[in-house]
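[1] Next input, structure requested:
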Amino acid sequence: MTEPYQYNCVDKSILLPLYKKYYVALYFKLVPAWLTANFITIISTGFVAIMMGISLWSGNAGSPVQALLFAFCLHTYLLGDHLDGMQAKASGTSSPLGEFLDHYLDVYNAAIVFYSIMVFLGPFSRKVFLVLLVLNCIAFAVTMVEELECRELTFGYLGTLEGVLLTIAFYISWLIPAARNWWQHDIFPGYPAYWIAITAMGVSYLGTIIDVLWRIKRVPKPFAVFLVCSAVLAVLLGALPVSLTFCWLVLTLFSGDYIARVMRAYFLSNPHPYPDLMSSGSLFLVWVAFYNGVLTESLTQLYFGILIAWLLIRVLRAFIGTLYTFRAHWYWTNP
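    Numbers count the residues shown, from 1 in each chain. Next up is the predicted model:
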C-alpha cells in the first residue's frame with residue numbers, strides 16, 4: 001500500500017443505523033476485547049458453511065427444521081458481519097487484510113445463501129437456476145469493480161442487510177403452518193407464491209448491476225470480458241447433463257477468481273485486471289468445439305473437471321497470497 005489504509009464506504013442502507021445501534025450493539029458488549037475482528041469474520045462465515053452442509057446432505061429440503069436452522073445460521077452470520085467491523089474500530093485494527101477477508105469471503109457466502117434458498121425451495125429448472133446464479137456472481141463482481149474504479153464502496157438504500165433480513169424473515173415465516181401453506185400455494189398455474197421471493201431475488205441482483213454501472217458511467221473492458229465469459233459458461237453448462245451443484249461450483253469459482261484479482265488490484269493500486277486468460281481462452285475454444293459437434297459430452301465434462309481444479313488452485317493461491325502480502329495486519333489477539 002502506498003498510502004495509509006482507510007476503509008472508504010458509503011452505505012445508504014435504510015435499516016443499518018437502527019440495526020447496529022439497537023441490536024448489534026447489544027451483542028457487542030459480549031464480545032471479548034482480545035477477540036480479533038478477523039476471527040469474528042471467520043466464525044460468522046462458518047455458520048454459512050453449515051448452511052452449505054445442510055443443503056448438500058440433508059434429506060429434508062423445505063422442512064420447518066431446515067428453515068429454522070437456516071434462519072439461525074443467517075442471523076448469526078449477519079450479526080458477525082457487523083460485529084467484526086465494530087471490533088476492528090474499537091481495537092484500532094482496521095486493515096486491508098480485514099477488508100479483504102470480510103468482502104472476499106462474502107463472495108462465497110452470497111453464493112451459498114443463494115444455493116441454499118434454491119435447494120430449499122427446489123427443484124428448479126436449469127435455466128432459472130443458471131440465470132439467477134450468473135446474476136448473483138455479476139452483482140458481487142460489479143460491486144468490487146466499482147470500488148476499484150472509484151476507490152470507494154457504495155451500498156444502496158436496499159442493500160445486503162435488507163436482503164438478508166428479508167431472507168431470515170422468509171425462513172421464519174416457513175415455521176408457521178398457515179404461512180408455509182400460503183408460500184406453497186399456486187398464485188399462477190405451476191408457480192407457487194414463493195416465486196415472489198425468487199423473483200425479488202433476481203430483481204435485486206439485476207438492480208445492483210444496473211445501479212453500479214449507472215454510477216460508474218461505463219463498462220470497463222475487463223469487466224465486459226467477465227460478463228461475456230460468465231454468459232458463455234452458463235450457456236455451456238446448461239447444455240450439459242451435469243448437476244446444478246456442479247454448475248454452481250464452476251460459476252462460483254470462476255467469478256471468485258476474477259473478484260480476487262479485482263480486490264488485489266484495488267489494495268495494491270494496480271490496473272483493472274482481466275479474467276484469467278487460460279480459463280477464458282479455453283472456455284471459448286470448448287464452446288465452439290462443442291456446438292460444432294467436435295467434442296463429445298464426456299470430453300466436455302472432463303474439461304470442466306480440469307477447469308474446476310485449475311480455478312480452485314488459482315482461488316487458493318490468490319487467497320493465500322493476499323493473506324501473505326498483508327500478513328503484518330494479522331493478529332492472534334488484539335493489541
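[2] List the contacts of whichever strand or helix holds residue 213.
    Taking DSSP states H and E as the definition, residue 213 sits inside helix 195-216. By Cβ atoms under 8 Å, 6 or more residues apart in numbering, the surrounding residues in contact with helix 195-216 are 114, 117, 121, 124, 128, 131-132, 135-136, 138-139, 142-143, 145-146, 149-150, 154, 156, 158, 163, 166, 170, 183, 187-188, 219. C-beta coordinates here come from the backbone N, C-alpha and C atoms, glycine included.
[3] In a helix, residue 187, correct?
    No: Residue 187 is assigned strand when assessed by DSSP: H, G, I helix; E, B strand; the rest coil, not a helix.
[4] Phi and psi next, for the nearest residue to it once chain neighbours are set aside.
    The shortest distance from residue 187 to any non-neighbouring residue, by Cβ to Cβ, 6 or more residues apart in numbering, is to residue 193 (5.1 Å). When read as degrees, to the nearest 10, the backbone of residue 193 gives phi -60, psi -20.
[5] what about residue 193, neighbour count?
    When neighbours are defined as other Cβ atoms under 10 Å, residue 193 has 15 of them.
[6] One more: the one 4 residues further on?
    Residues within reach of residue 197, counting by other Cβ under 10 Å, total 17.
[7] If you count neighbours, what's buried in stretch 321-335?
    322, 325-326, 329, 331, 334 (16 or more other Cβ atoms under 10 Å).
[8] Show me the strands in the stretch 101-250 of the chain, by range?
    All strands of the stretch 101-250 of the chain, identified by DSSP state E, counting those that start in this stretch, fall at 153-155, 186-188, 191-192.
[9] Relative to the whole chain's centre, how far out is the shortest one?
    This means strand 191-192. Centroid separation for strand 191-192 versus its chain: 26 Å, with Cα atoms, centre = their mean, to the nearest Å.
[10] and if you look at stretch 36-54?
    13 Å.
[11] Go through it and flag the buried ones.
    36-41, 44-45, 47-48, 50-52, 54.
[12] Ok, stretch 199-214 next?
    201, 204-205, 208-209, 211-213.
[13] any low-confidence regions in the stretch 201-335 of the chain?
    By pLDDT under 70, the stretch 201-335 of the chain contains no weakly predicted segment.
[14] pLDDT value on residue 59, please?
    Listed pLDDT for residue 59 reads 69.
[15] circling back: you'd agree the residue nearest to residue 187 is up against residue 181?
    No: Residue 193 is not in contact with residue 181 according to Cβ atoms under 8 Å; the separation is 9.5 Å.
[16] Let me see the contact set for residue 177.
    Counted by Cβ under 8 Å, 6+ apart, residue 177 has zero contacts.
[17] How much space separates it from residue 117?
    Residue 177 sits 21 Å away from residue 117, going by Cβ to Cβ, to the nearest Å.
[18] same check, this time on residue 9
    From residue 9 to residue 117 the distance is 26 Å (Cβ to Cβ).
[19] same question, residue 94
    32 Å.
[20] and residue 9 and residue 117? which has more neighbours close in?
    Set side by side, residue 9 and residue 117 show more neighbours around residue 117, with 21 against 12, by other Cβ under 10 Å.
[21] Give me the pLDDT for that one.
    Reported pLDDT for residue 117: 95.
[22] Need the strands of the stretch 101-250 of the chain in a markdown table (columns: distance to residue 5, mean neighbour count and mean pLDDT).
    Putting these into a markdown table (distance: least, Cβ to Cβ, whole Å; neighbours: other Cβ atoms under 10 Å; pLDDT from 0 to 100) gives the following:
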| stretch | distance to residue 5 | mean neighbour count | mean pLDDT |
| --- | --- | --- | --- |
| strand 153-155 | 14 | 17 | 81 |
| strand 186-188 | 49 | 10 | 91 |
| strand 191-192 | 48 | 14 | 92 |
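[23] Which one of the ones you listed lies nearest to residue 270?
    Within the strands of the stretch 101-250 of the chain, the stretch nearest residue 270 is strand 153-155; the backing value is 17.6 Å (Cβ to Cβ).
[24] just for the stretch 1-150 of the chain, where's the confidence low?
    If you take pLDDT under 70 as the line, the stretch 1-150 of the chain has these spans: 1-4, 59.
[25] residue boundaries of the helices in it?
    Taking DSSP state H, counting those that start in this stretch, the helices of the stretch 1-150 of the chain run over residues 16-19, 25-28, 37-57, 64-91, 96-121, 126-150.
[26] Out of those, which is closest to residue 228?
    Closest approach to residue 228 among those is made by helix 126-150 (11.1 Å; Cβ to Cβ).
[27] quick one on the thing from earlier: list the contacts of the residue nearest to residue 187.
    Applying Cβ under 8 Å, 6+ apart to residue 193 gives the contacts 182-187.
[28] which of the residues you listed lies closest to residue 258?
    When those are compared for distance to residue 258 (Cβ to Cβ), residue 183 wins out at 35.1 Å.
[29] Now do the nearest residue to that closest one once chain neighbours are set aside against residue 174, distance only.
    Distance criterion Cβ to Cβ, 6+ apart; nearest residue to residue 183, sequence neighbours excluded, is residue 194 at 4.6 Å. Distance, residue 194 to residue 174, by Cβ to Cβ: 9 Å.
[30] what's the answer for residue 160, then?
    For residue 160 relative to residue 174 (Cβ to Cβ), the value is 21 Å.
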